[in-house]
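# pasting the sequence and the predicted model now:
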Amino acid sequence: MTHSTPSPHRRKLLLGAASMLAAGALPAVPALAQGAPVTIGVGADPVFTAFFVAANEKLFAKYGAPNVSVQSYTDGGEALNALVANQVNLGCAGEPTHIVRLARAELRPLAVTYQSRTYLKLVARKDIATADKIRKFGIVVGSVSEYVTGLTIRQLKLDASKIEMVRSGPPELPALLARGDIDAYFVWEPWPTLGVQQGGHILMTCGDVGYTSTLWLSATAPWLAANKEVAGRILKALAEAAEITRKDPPRAAQSVQAITRIPIPQTLNSLKDMEPVVRDFSDTDLATANAIGEFLLSRQAIKAPVDMGKVLQRGFYKG
């Protein structure tokens with residue numbers, strides 16, 4: 001899922017800006033040290049903090065993968081586009097972003113690298129006190145924004161026939177709300193915070209309607225088949241980076257600023273709503289992925305059902 005605003009801007013669902021970081025060398029592992037470089041594509045956003053920490057603090061080298069660099073794009077969608085095009089070796093993004101690309105590439109999600117029940121928020125105009133008063137939802141089509149909006153309508157038993165969906169990119173949503181063109185929108189940070197700054201208020205978070213947002217780190221099937229060991233080492237480095245982020249947010253924010261130029265206060269504010277973690281896929285993750293796949297199929301964003309049980313690499317990350 002795609003949020004913040006570094007030097008170029010952030011997550012619109014697809015556009016790119018780049019910055020690369022090398023992670024140092026480790027002679028103790030000659031086989032990997034002599035191997036081909038590995039590039040990880042991520043969005044330029046605090047939800048990818050663990051990647052920036054691992055790169056800036058040379059944790060990839062510490063775990064025996066010294067030729068790893070991190071390439072930042074405008075959002076996770078662009079990072080996965082680069083993965084599909086074989087411009088990077090690994091890419092990180094949210095669930096829908098992966099699923100809509102499975103028809104174009106054999107993507108293999110390896111592990112969860114972030115989770116949050118509060119990063120996506122429902123922002124409404126001040127005069128909308130409860131969700132049942134919403135008549136116009138702003139949505140980012142084909143994203144978790146649209147998916148969670150649908151969950152909200154079903155969970156709260158709202159009358160969908162009385163609700164209009166207004167398509168928009170994330171950056172435009174706060175202005176649409178301020179002008180009264182929409183009553184509310186459910187989207188990721190920083191757009192909820194910007195909506196509040198322009199007169200809106202938070203009604204609920206994605207956890208209130210039963211959704212935990214996650215990011216997946218993925219490889220293509222051919223690359224993974226030949227590089228399982230280095231992929232495992234990368235995940236171990238990211239696990240330490242995630243732990244650093246949880247225990248010492250200011251330290252992690254410095255790495256984010258060093259690579260993306262996102263101001264430290266902005267990252268610290270974002271980190272309050274997220275849990276950087278590296279873990280294996282759970283039964284809940286699988287159920288959510290299949291539900292999102294069904295949603296995307298119903299919106300004709302994908303042309304055929306996807307059995308995510310055959311896609312997610314459960315058990316690959318040992319912890």
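Yep, it's here.
# for the residue nearest to residue 89 when sequence neighbours are not counted, name its beta-bridge partners.
Ranked by C-beta to C-beta, 6 or more residues apart in numbering and with sequence neighbours excluded, the top spatial neighbour of residue 89 is residue 38, at 4.9 Å. From N, CA and C alone the C-beta is placed, and that goes for glycine too. For residue 38, the beta-bridge partners under DSSP bridges are residue 68.
# against residue 211, how distant is residue 38?
32 Å (C-beta to C-beta, to the nearest Å).
# can I take it that residue 115 is in a helix?
No: counting by DSSP: H, G, I helix; E, B strand; the rest coil, residue 115 is not part of a helix but strand.
# contacting residues around it?
212-215, 274-275, 277 (C-beta atoms under 8 Å, 6 or more residues apart in numbering).
# 7 Å instead, please
212-214, 275, 277 (C-beta atoms under 7 Å, 6 or more residues apart in numbering).
# hey, where'd the strands end up in the stretch 151-300 of the chain?
164-167, 184-188, 201-205, 213-220 (DSSP state E, counting those that start in this stretch).
# secondary structure class for residue 137?
strand.
# that one pairs with what?
Here residue 137, judged by DSSP bridges, has bridge partners residue 165, residue 184.
# which residues touch it?
Residue 137 neighbours (C-beta under 7 Å, 6+ apart): 149, 163, 165-166, 182, 184-185.
# closest to residue 90 out of the strands of the stretch 151-300 of the chain?
Across the strands of the stretch 151-300 of the chain, residue 90 has its closest neighbour in strand 213-220 (5.2 Å, C-beta to C-beta).
# the closest one pairs with which strands, parallel or anti?
Partner strands for strand 213-220, per DSSP bridges, with pairing direction: strand 90-94 (antiparallel), strand 107-116 (antiparallel).
# now that strand, how far from the centre of its chain.
Relative to its chain's centre, strand 213-220 lies at 8 Å (C-alpha atoms, centre = their mean, to the nearest Å).
# what angle separates it from strand 184-188?
Going by axes from the mean of the first three to the mean of the last three C-alpha atoms, to 10 degrees, strand 213-220 is angled at 50 degrees with respect to strand 184-188.
# next, the residues that contact strand 213-220 from outside, please.
Under C-beta under 7 Å, 6+ apart, the answer for strand 213-220 is 1, 47, 76, 83, 89-95, 98, 105-116, 119-120, 144, 206, 231, 285.
# which strands or helices does the longest helix along the chain pack on?
Ordering each helix of the chain by length in residues (DSSP state H) puts helix 228-247 first. Contact analysis of helix 228-247 by 3 or more C-beta pairs under 7 Å, 6 or more residues apart in numbering; DSSP states H and E lists helix 49-56, helix 59-62, strand 107-116, helix 249-260 as its packing neighbours.
# most tightly packed of the ones you listed?
Most buried of these by mean neighbour count (mean count of other C-beta atoms under 10 Å) is helix 49-56; its value is a mean of 29.
# give me the contacts around that helix.
Under the contact criterion C-beta under 7 Å, 6+ apart, helix 49-56 has outside partners 21, 23, 40, 42, 60, 69-70, 92, 113, 237-238, 241-242, 244-245, 252, 255-256, 258-260, 267, 271, 276.
# if we go to 8 Å?
So helix 49-56 is contacted by 21, 23, 40, 42, 59-60, 68-70, 92, 113-114, 237-238, 240-242, 244-245, 251-256, 258-260, 267, 271, 276, 278 (C-beta under 8 Å, 6+ apart).
# run the chain-centre distance for it.
Using C-alpha atoms, centre = their mean, the offset of helix 49-56 from its chain centre is 15 Å.
# mean confidence (pLDDT) on it, please.
For helix 49-56, mean pLDDT is 98.
# in the host helix or strand of residue 78, what counts as buried?
Element membership of residue 78, judged by DSSP states H and E, is helix 76-84. Judged by neighbour count using 16 or more other C-beta atoms under 10 Å, the buried positions of helix 76-84 are 76-84.
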